[in-house]
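Trainee: generate a structure from the sequence data that follows.
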Amino acid sequence: MTVSEWADTFRRLDVKTSAEPGQWSTTRTPYLKGIMDAFTDPFVDEITVMAASQVGKTEAMYNMLGYVIDQDPGPTLMVSPRADDAKSVSYNRIRPMIEVSPVLSKYLPENLDDITKLEYHFDRMILYFAGSNSPADLASRPIRYLFLDEVDKYPKFSGREADPIKLASERQKTFWNKKTIKVSTPTTREGYIFREYEKSDQRRFYVPCPHCGKLQVLLFGQIKWPREESSPERIKNERFAWYECFYCGKKIEDLQKQKIMQSGEWIPEKKEKNRNRGFWVSSLYSPWLTWSDIAAEFLKSKDYIELLMNFVNSWLAEVWEEKIEETTVDKVRNLARDYDEGIVPDEVLVLTAGVDVQKDHFYFVIRGWGYYEESWLIRAGRAEYWDDLVEALFKTEYKRLTSNETLNIYMSCVDSGFRTDEVYRFCRSWSDKTKAIKGVEEISGGRFYRANKIDINSRTGAVIPGGLVLWHLNVTQYKDKINRLVTSRDPVKWHIFKNPGEEYLAQFTSEHKILIRNRTTGRAKEVWQKKKEASANHFLDAEVYALAAADIIRALNIRKDGAVRVYQPKAKGEEHSRQEWIRKREGSWL
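Mentor: Okay, the predicted model is just below:
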């Protein structure tokens, strides 16, 4: 049997805790079928459910537990945020479920002393309950099944121990057929459930429009109501809101909602096979809420930050983000100027490059710099091999727009996050033109970069003269600077060549700056993060590294004063074969 078949046959809801007591029926919440049946898929090890509150996600988890007790017993641990929560779940939710379902109550022991608030000793298995703040309860027993409820409310550390989820997962090591179920309403991108959902195959529930038949995910932006109506109470009571089909634009009324749910299907965003099955459910799918209920709740919440945060998390099942800075594709496309890729505008004085290293390829940009931080994108591309990168960066001369003069790349920054040994070897081979870099979120003293010598004599421990230097870049500050340059209007500072590729535009605008608030203290910090819909940010990273290269050689300081200098910096003990200083005179670079 699948879990949904088992629940439809045997699960009964008790009078005390259920709004609809009696026999369970999956047709009431059709979206739960795929979630429950993933439990009996032998390929699936983990199930991640990121869902709004009161959509049935916890009941689906209880159905899985009932299935375990009846069909496939094994030692089981159910974890709640706190020890008191664990006792409450045990006494007020699980025990009534077992007692009112005859197929489960027959497994209760004759001696009821074997049933405590934190342990149920059935005739064929043991069920444990624990709070995430109790390391002793999390780490003391081997378990096959692990149920984790409301994981975003767990502490980062369990007492003096490590991550409570990691502690509990360690108990499953001896079971080849283990299952882990993680369920929670989301909070922020740093929350556990969002990070786990990102690792999963990211399934969303698609329903057909009753008019055009097109499958679509239900999203809040498609809920509409009359413009002249602004009263939440009137919208809710008079049911003024409707759902507008994304494709044909026709109204989907509340009475049609349950019908389209029956024909819905779970479709993964990631097509490759994944043992972590992820599900996302918002309140728009709830059979207990109308479109007007949701619209009214938004109108009540939109002017109050704490209420809006709750609406986004608990109703829309989305992570909370307060956007501060954002660059759109249209804004960047407007920065295009009348020159082709690979051509250097006459105002450019020096070229730098940035390289983002991936597991089996590279993304690179080449940018030209002029007076007063003005810059032009010369090239943005992808290279498959190191030789291709050498050809693009060091063996190609880039021709000026109106003359036969050519420029070479003066300095490049190469990311060392992937294939670190290869990057170091590459930077040693081209030491006069490259810097090995590593991005960090913050550097003490608010500096943009710092350099560390990493070539050490293994026998003496002394620094090797002329050895490789690793440059740590404050990527947050560099992204802030790029945003300022991109949004500069008087004069425009940031340019790109005409007809840029869609991939470059999408990746360059893949992040936005948000505020992350501590729910306890209310303090906020600003961070750059990928937008939810963005897939990659490699060209943005490459632009950061090209900007850092210009900063390191002081190309950002070029002024029209007749004797401008570009500096080739070196850490103490670092040697270069090239000149440290290059002077700009009338004519060309010497």
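
Trainee: show me what secondary structure element comes after the one helix or strand Phe129 maps to.
Mentor: Assigned by DSSP states H and E, Phe129 falls within strand 126-131. Once strand 126-131 ends, the next helix or strand along the chain (criterion: DSSP H and E) is helix 135-139.

Trainee: what packs against that following helix?
Mentor: Secondary-structure packing of helix 135-139 (3 or more Cβ pairs under 8 Å, 6 or more residues apart in numbering; DSSP states H and E): strand 126-131, helix 164-169. C-beta: built from backbone N, CA, C; applies to glycine.

Trainee: each with direction, which strands does the next helix or strand after the last one pair with?
Mentor: Yep, that's helix 164-169 we're talking about. For helix 164-169, the following helix or strand on the C-terminal side (DSSP H and E) is strand 179-184. Using DSSP bridges, strand 179-184 pairs in its sheet with strand 46-51 (parallel), strand 145-149 (parallel).

Trainee: and the last one with strand 126-131, angle?
Mentor: Between strand 145-149 and strand 126-131, the angle comes out at 30 degrees (axes from the mean of the first three to the mean of the last three Cα atoms, to 10 degrees).

Trainee: try the first one
Mentor: Strand 46-51 and strand 126-131 meet at an angle of 50 degrees, taking the same axes, to 10 degrees as the criterion.

Trainee: which residues touch strand 46-51?
Mentor: Applying Cβ atoms under 8 Å, 6 or more residues apart in numbering, the contact partners of strand 46-51 are 35, 38-39, 57, 60-61, 179-186, 193-194, 196-197, 199-200, 275-282, 317.

Trainee: export that strand as PDB, just CAs?
Mentor: Presented in PDB, the C-alpha positions along strand 46-51 are these (Å, rounded to 0.1, in the frame of the first residue of the first chain):
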ATOM      1  CA  GLU A  46      14.500  12.300   2.300                       C
ATOM      2  CA  ILE A  47      11.300  14.200   2.000                       C
ATOM      3  CA  THR A  48      11.300  18.000   2.400                       C
ATOM      4  CA  VAL A  49       8.100  19.900   2.700                       C
ATOM      5  CA  MET A  50       8.200  23.700   2.700                       C
ATOM      6  CA  ALA A  51       4.600  24.800   3.200                       C
END
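
Trainee: which residue ranges form the helices in the stretch 301-450 of the chain?
Mentor: 305-310, 329-333, 386-394, 420-429 (DSSP state H, counting those that start in this stretch).

Trainee: can you redo the ones you listed as TSV with mean pLDDT and mean neighbour count?
Mentor: What follows is the helices of the stretch 301-450 of the chain, written out as TSV (pLDDT from 0 to 100; neighbours: other Cβ atoms under 10 Å):
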stretch	mean pLDDT	mean neighbour count
helix 305-310	88	15
helix 329-333	91	14
helix 386-394	96	17
helix 420-429	94	16
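
Trainee: would you reformat the ones you listed as a markdown table and include distance to Asn483?
Mentor: Below are the helices of the stretch 301-450 of the chain laid out as a markdown table (distance: least, Cβ to Cβ, whole Å):
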| stretch | distance to Asn483 |
| --- | --- |
| helix 305-310 | 23 |
| helix 329-333 | 11 |
| helix 386-394 | 26 |
| helix 420-429 | 27 |
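
Trainee: wait, which of these is closest to Phe508?
Mentor: With Cβ to Cβ, the closest approach to Phe508 among the helices of the stretch 301-450 of the chain belongs to helix 329-333: 5.9 Å.

Trainee: quick one: Pro210 from Phe10, how far?
Mentor: 33 Å (Cβ to Cβ, to the nearest Å).

Trainee: can you check Val329 too?
Mentor: 53 Å.

Trainee: excluding its backbone neighbours, what's nearest Leu468?
Mentor: Asp455 (4.9 Å; Cβ to Cβ, 6 or more residues apart in numbering).

Trainee: swap that for Asn177, please
Mentor: Asn177's closest residue in space is Arg144 (Cβ to Cβ, 6+ apart), at 6.9 Å.

Trainee: please name whichever of the helices of the stretch 301-450 of the chain is nearest to Gln258.
Mentor: Between those, helix 305-310 lies closest to Gln258; by Cβ to Cβ that is 26.3 Å.
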